[in-house]
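J.: next one to model:
(4 chains)
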There are 2 protein chains.
Amino acid sequence: MMHTTVHDGGSTLSERSARHPVAMRRTSTGAFETIGVPMEFARNEEIYCEGDPVEYLYKVASGTVRTCKVLADGRRQIGAFHLAGDIFGFDVGAEHGSFAEAVTNCTILVVKRSALTELAARDGAVARELWVMANREVARVQDHMPLLVKSAQERVAGFLLELAARQPGGDTVELPMSRQDIADYLGLTIETVSRTLTALEQEAAIALPNSRRIVLRNRPALREMNA
Amino acid sequence: MMHTTVHDGGSTLSERSARHPVAMRRTSTGAFETIGVPMEFARNEEIYCEGDPVEYLYKVASGTVRTCKVLADGRRQIGAFHLAGDIFGFDVGAEHGSFAEAVTNCTILVVKRSALTELAARDGAVARELWVMANREVARVQDHMPLLVKSAQERVAGFLLELAARQPGGDTVELPMSRQDIADYLGLTIETVSRTLTALEQEAAIALPNSRRIVLRNRPALREMNA
DNA sequence: CGGCGGCTTGATCGGTCTCAAGTACGGTGG
DNA sequence: CCACCGTACTTGAGACCGATCAAGCCGCCG
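T.: Below is the predicted model of the structure:
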């Protein structure tokens, strides 16, 4: 049905841990920064994959990550893009129901879930931190859902506003991800995404200095079509 | 664009609490059953609404609940149906970003979030319980997303399988919700849902003894089209 | 019996997918 | 420096699926 990229399996976390050890950094305060182990991943590298045991939680220190599912027919659905500061890896149960890949080169803080929950059992503040993290994740996914039932223009406009709100840089948005990634995130095809961006440019709602940089020229108009 | 029901605002929780006090029940073990206050809601009654302060968490004791968002153009997106045993009200932040309504008459256990988190801060077991609840909610919402990017037949088939898995009763599924609810859950129109059910019946994948009861006659076929 | 709400069915329209070229960009080697 | 290549992106023409508009049908209740 929809043309999507096919991904080969990745190596295990333990292998990778040995391959990419990074000097500890403890600049920030939360539990993640205290007990998290920084690891580096190259563009398109697999961070964890579907069926992996759920052992860790991850926080993006720098770069961008995508979490995806592959449907039986090969289509790929991207559930979320995770930017610096975001936490991911929330799958419940024994195995991951989705997989995570580096969209760009990135540094990820990795912590064992058991370490976090043990810490939380002793320290109420950590428990509250975990609680807030999980609630924020629920809110993110819930906010993404309405995006999937709108028209192509509404989806793309909403996506650009969402990205602009999460990035510094005012009206200029840098896209870390490809058109294919955007399409799989919005439930559209790459062609429709491209066409829609062109249309938005012609309506003077945005400017496209190049394919990975977008300037929001008319936010009210974008918000309007975001419905 | 899409025809949807329009909902009027509901009364506040405190009003309702005074209106529908129900005798305490403490049959089950978790924190919810220990400190939760049972309340009754009539069909289509509002449990909380968008913009309400986020103060409580809810657990379905009996009946079915829907949590929805209303888009700016009036369309309604149902994020989830909550059956007996499910917990809802996970919105993060000061205000609810969605609203919850009773699909059928139902009994809901209500607890103050602050009471839960205080309990969790003192009791690691409760903290772990909260953590599991939140993770389960994340998983549910993540599983719903792929459903919104498929064809109508795939969505309806997936919906029926999901409902059958969550209900007792084997191959016979009782639909607590209207066609409009299903449509708003799947991001389709009521006409498409109806047509698709008819088509599935003609393919002998299901039987429709009446409009609110569905018998799964060929699960493999349904799973197949669920992709 | 008549009316009403929920559901089904039909005919047409439009938006998005699909298939297929064409173009811009970055890298590599001559 | 330029010719070449591969990848990512854009653009075009046509088919298809689901939305829309519009009737009919059914069960329920007064």
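
J.: what residues does chain A have near DNA strand D?
T.: Counting by CB under 7 Å from any atom of the strand, chain A comes close to DNA strand D at A:178-180, A:190-191, A:193-195, A:197-198, A:208, A:211-212. In this view, the C-beta of every residue, glycine as well, is placed from N, C-alpha and C.

J.: let's see that with 10 Å instead.
T.: For chain A, the residues in contact with DNA strand D (CB under 10 Å from any atom of the strand) are A:1, A:5, A:43-44, A:149, A:151, A:175, A:177-183, A:189-199, A:201-202, A:208, A:210-212, A:214.

J.: also within reach of DNA strand C: list those from those.
T.: Near DNA strand C, by the rule CB under 10 Å from any atom of the strand, you find A:1, A:151, A:183, A:189-196, A:199, A:210-212 out of those.

J.: tell me the two of the residues you listed that are most distant?
T.: Pairwise distances across those (CB to CB) peak at 30.6 Å, for the pair A:Met1 and A:Asn210.

J.: who has more neighbours out of those two?
T.: A:Met1 (13 against 7; other CB atoms under 10 Å in any protein chain shown).

J.: need the pLDDT of the residue nearest to A:Ala42 when sequence neighbours are not counted.
T.: Once flanking residues are discounted, A:Ala42 sits nearest to A:Asn105: 5.6 Å by CB to CB, 6 or more residues apart in numbering or on different chains. Note for A:Asn105: predicted pLDDT of 94.

J.: list the contacts of A:Asn105.
T.: A:Glu40, A:Phe41, A:Ala42, A:Arg43, A:Gly63 (CB atoms under 8 Å, 6 or more residues apart in numbering or on different chains).

J.: beta partners of the second one?
T.: The residues paired with A:Phe41 through beta bridges, assigned by DSSP bridges, are A:Cys106.

J.: separation between the residue of chain A most remote from its centre and A:Arg113?
T.: In terms of distance from the mean C-alpha position of chain A, A:Arg122 ranks first, at 30.7 Å (CA atoms, centre = their mean). Counting by CB to CB, to the nearest Å, the gap from A:Arg122 to A:Arg113 is 15 Å.

J.: next, the closest residue in space to the residue farthest from the centre of chain A that isn't next to it in sequence: phi, psi?
T.: Leaving aside its chain neighbours, A:Arg122 sits nearest to B:Gly124 (7.1 Å; criterion: CB to CB, 6+ apart). Backbone torsions of B:Gly124, given as degrees, to the nearest 10, read phi -60, psi -30.

J.: just the pLDDT at B:Gly124, thanks.
T.: Reported pLDDT for B:Gly124: 79.

J.: that one: what's it in contact with?
T.: Applying CB under 8 Å, 6+ apart, we find B:Gly124 in contact with A:Ala120, A:Ala121, A:Arg122, A:Ala127.

J.: from these, list the buried ones, please.
T.: A:Ala120, A:Ala121, A:Ala127 (16 or more other CB atoms under 10 Å in any protein chain shown).

J.: hmm, the last one is touching B:Ala127, no?
T.: Yes: counting by CB atoms under 8 Å, A:Ala127 touches B:Ala127, with 4.1 Å between them.

J.: quickly list what's touching both of those two.
T.: Joint contacts of A:Ala127 and B:Ala127 (CB under 8 Å, 6+ apart) are A:Ala120, A:Ala121, B:Ala120, B:Ala121.

J.: could you dump the residues you listed to CSV with secondary structure?
T.: Output for the shared contacts of A:Ala127 and B:Ala127, formatted as CSV (DSSP: H, G, I helix; E, B strand; the rest coil):
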residue, secondary structure
A:Ala120, helix
A:Ala121, helix
B:Ala120, helix
B:Ala121, helix
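
J.: and the furthest pair within the residues you listed?
T.: Using CB to CB, these span at most 10.4 Å, a distance reached by A:Ala121 and B:Ala121.

J.: shared neighbours of those two, which are they?
T.: Shared contacts of A:Ala121 and B:Ala121, defined by CB under 8 Å, 6+ apart, comprise A:Ala127, B:Ala127.
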